[in-house]
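**Student:** Based on what follows, work out the 3D shape:
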Amino acid sequence: MLNKLLTRQKVTTPSGASVDSYGRISRYPADTWAGTYVDTFTAISVPGVWRAVTLISDAIGGLPLQAYRNGEPIDTPPILSRPNPPETRMETISAAVATCIIHGNYVAILGPLGPNGYPETIYPVNPERVTFRTHEGRRQYIIDTIVFDQSEVMHVKGFSLPGEHVGLGILSAQRQGLGASIAMHEYAARYFSGGTTPSVALITENPDLTQEDADLMKQKWLMAYGGRSREPVVLGNTKVQVVQDNATESQLTEQKQFDLTEVANMLGIPGYYLGAPNTSRTYSNVEQEQLQLLRFTLLPWMIRFEQAFSDLLPRGQVAKFNVDAFLRADTLTRYQAHQIALQTGFLSLDEVRRLEDLMPMEGDQLDAGPLEVDPNEEDLVND
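**Tutor:** Alright, predicted model coming up:
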């Protein structure tokens with residue numbers, strides 16, 4: 001793989017180049033109306049964004065990724081069980097989904113071909129190192145200074161516009177919204193650390209107070225009571241007056257709550273998963289909430305990666321995430337569903353046991369039926 005990289009055609013590109021929506025070499029625009037710099041690390045420094053991105057990426061990363069042929073599961077190939085050998089499968093898939101959400105694109109170099117003629121590994125690349133272009137009808141990816149053909153790269157796009165070859169991530173599509181969130185959290189941090197509003201004012205009745213005397217008074221006050229609290233304002237008086245700004249603190253709290261709703265909308269997550277205001281959940285509807293999260297939030301990302309991995313499998317095989325564990329109901333509900341499945345005959349006993357991660361029954365166990373309960377004893381139990 002190293003020799004393969006070193007012997008390729010080289011082109012000159014600016015360092016730190018990234019893919020934008022037009023395949024041009026550029027960085028994500030740093031300017032926002034809020035005056036903040038938006039990049040990967042400033043974006044995920046916002047608590048709501050961090051929670052939303054990790055919720056989606058870790059939920060998908062924790063799902064089993066299996067291979068199927070004609071609807072039947074088959075032995076999981078290496079590229080699905082451990083796509084990037086130095087990492088666990090969850091680490092690789094979780095990072096891939098997070099990258100696709102943030103940048104709109106996930107790019108990985110395909111590893112050597114296995115005995116079946118298909119790659120067994122991938123080597124992920126930070127999308128900020130990638131530039132896209134077309135050449136003679138073929139897509140080309142310039143990673144640092146090395147050119148790769150489309151057949152040598154796994155590329156998963158997020159949302160994209162018609163005719164575009166690369167996807168849009170939240171860094172570009174939601175730059176202004178992220179900038180406002182970053183600015184609000186920066187201001188809140190400065191406010192509560194004492195960097196925006198003084199907590200007290202020193203007032204003196206001496207009309208002849210000089211600036212030197214005022215500075216000395218302020219210095220002595222800070223030496224006695226200073227620290228991380230807000231610095232006092234020295235006016236032409238001599239009393240100590242506490243400066244309160246409860247309205248600002250209240251507005252900051254409200255803005256933080258509103259920010260959670262904005263992030264939830266930005267990433268398509270139900271607000272109660274982020275603790276957004278005016279949202280609630282109960283134990284009675286947890287299963288429906290998980291189904292809603294799967295259907296409207298996780299499934300679009302899952303399908304993108306399923307189709308991308310399916311392209312790396314032999315013809316007739318497809319890759320699919322197993323969502324049974326994610327939608328696993330409580331014990332009583334599962335057992336009631338199993339009972340219906342057994343009674344109607346569309347599941348066998350071993351198939352039910354497989355759903356519960358149990359080994360098939362063998363020998364005398366196959367002849368063991370359900371325990372017979374005396375009707376009188378059953379009445380006592382029910383009472």
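
**Student:** domains of this protein?
**Tutor:** 1-194+246-322, 198-244, 329-361 (automatic domain parsing).

**Student:** Okay, now the unreliable bits of the stretch 101-250 of the chain?
**Tutor:** Filtered on pLDDT under 70, the stretch 101-250 of the chain yields the residue ranges 192-207, 221-250.

**Student:** how close does Gly48 get to Thr261?
**Tutor:** 9 Å (Cβ to Cβ, to the nearest Å). The way it works is simple: take the backbone N, C-alpha and C, and place the C-beta from them, glycine included.

**Student:** who has more neighbours, the two?
**Tutor:** Neighbour count, other Cβ atoms under 10 Å: between Gly48 and Thr261, Gly48 has more, with 23 against 16.

**Student:** Please, which helix or strand holds that one?
**Tutor:** Taking DSSP states H and E as the definition, Gly48 sits inside helix 47-61.

**Student:** Which parts of that helix count as buried, going by neighbours?
**Tutor:** For helix 47-61, the buried set under the neighbour-count rule, 16 or more other Cβ atoms under 10 Å, comprises Pro47, Gly48, Val49, Arg51, Ala52, Val53, Leu55, Ile56, Ser57, Ala59, Ile60, Gly61.

**Student:** Quick one: residues contacting the closest residue in space to the fifth one that isn't next to it in sequence.
**Tutor:** Once flanking residues are discounted, Ala52 sits nearest to Leu267: 4.5 Å by Cβ to Cβ, 6 or more residues apart in numbering. Taking Cβ atoms under 8 Å, 6 or more residues apart in numbering as the contact definition, Leu267 lies against Val49, Ala52, Val53, Ile56, Ile101, Ile170, Thr297.

**Student:** Isn't the fourth one up against Val97?
**Tutor:** So that's Ile56. Yes: with contacts counted by Cβ atoms under 8 Å, Ile56 reaches Val97, the gap being 6.3 Å.

**Student:** Spit out the residues that contact those two alike.
**Tutor:** By Cβ under 8 Å, 6+ apart, the residues touching both Ile56 and Val97 are Trp301.

**Student:** what separates stretch 98-110 from the chain centre, distance-wise?
**Tutor:** From the chain centre to the centre of stretch 98-110 is a distance of 12 Å (Cα atoms, centre = their mean, to the nearest Å).

**Student:** er, stretch 296-315 actually
**Tutor:** So, by Cα atoms, centre = their mean, the centroid of stretch 296-315 is 17 Å from its chain's centroid.

**Student:** Find the nearest non-adjacent residue to Gly93, please.
**Tutor:** You called it Gly, but residue 93 is Ile. Excluding the flanking residues, the one nearest Ile93 by Cβ to Cβ, 6+ apart is Gly61, at 4.2 Å.

**Student:** wait, what's in contact with the one you found?
**Tutor:** Gly61 makes contact with Arg89, Met90, Glu91, Thr92, Ile93, Ser94, Ala95, Val97, according to Cβ under 8 Å, 6+ apart.

**Student:** by contact count, what packs against the helix or strand where His338 lies?
**Tutor:** Per DSSP H and E: His338 is located in helix 331-344. Counting by 3 or more Cβ pairs under 8 Å, 6 or more residues apart in numbering; DSSP states H and E, the packing neighbours recorded for helix 331-344 are helix 349-355.

**Student:** Just the buried positions in the helix it packs on, please.
**Tutor:** Residues Val352 are the ones in helix 349-355 that count as buried (16+ other Cβ under 10 Å).

**Student:** sorry, back to before: so which of the contacts of Gly61 comes closest to Arg328?
**Tutor:** Met90 (17.5 Å; Cβ to Cβ).

**Student:** Skip the chain neighbours and tell me the closest residue to that closest one.
**Tutor:** Nearest to Met90 is Gly61, by Cβ to Cβ, 6+ apart, at 4.3 Å.

**Student:** any idea how far that neighbour lies from Thr121?
**Tutor:** For Gly61 relative to Thr121 (Cβ to Cβ), the value is 17 Å.

**Student:** swap in Phe305?
**Tutor:** Distance from Phe305 to Thr121, by Cβ to Cβ: 16 Å.

**Student:** quick one on the thing from earlier: can you tell me what sits against the helix holding His338?
**Tutor:** Glu287, Arg328, Ala329, Leu347, Ser348, Leu349, Val352, Leu355, Glu356.

**Student:** Could I get the full set of helices for the stretch 101-250 of the chain?
**Tutor:** Applying DSSP state H, counting those that start in this stretch to the stretch 101-250 of the chain gives helices spanning 170-173, 175-192, 211-225, 246-267.

**Student:** Minimum distance to Gln66: which of those has it?
**Tutor:** helix 246-267 (26.6 Å).

**Student:** pLDDT (mean, whole number) over the following helix or strand past the closest one?
**Tutor:** Next along the chain after helix 246-267, taking DSSP H and E as the criterion, comes helix 286-293. If you average the pLDDT over helix 286-293, you get 79.
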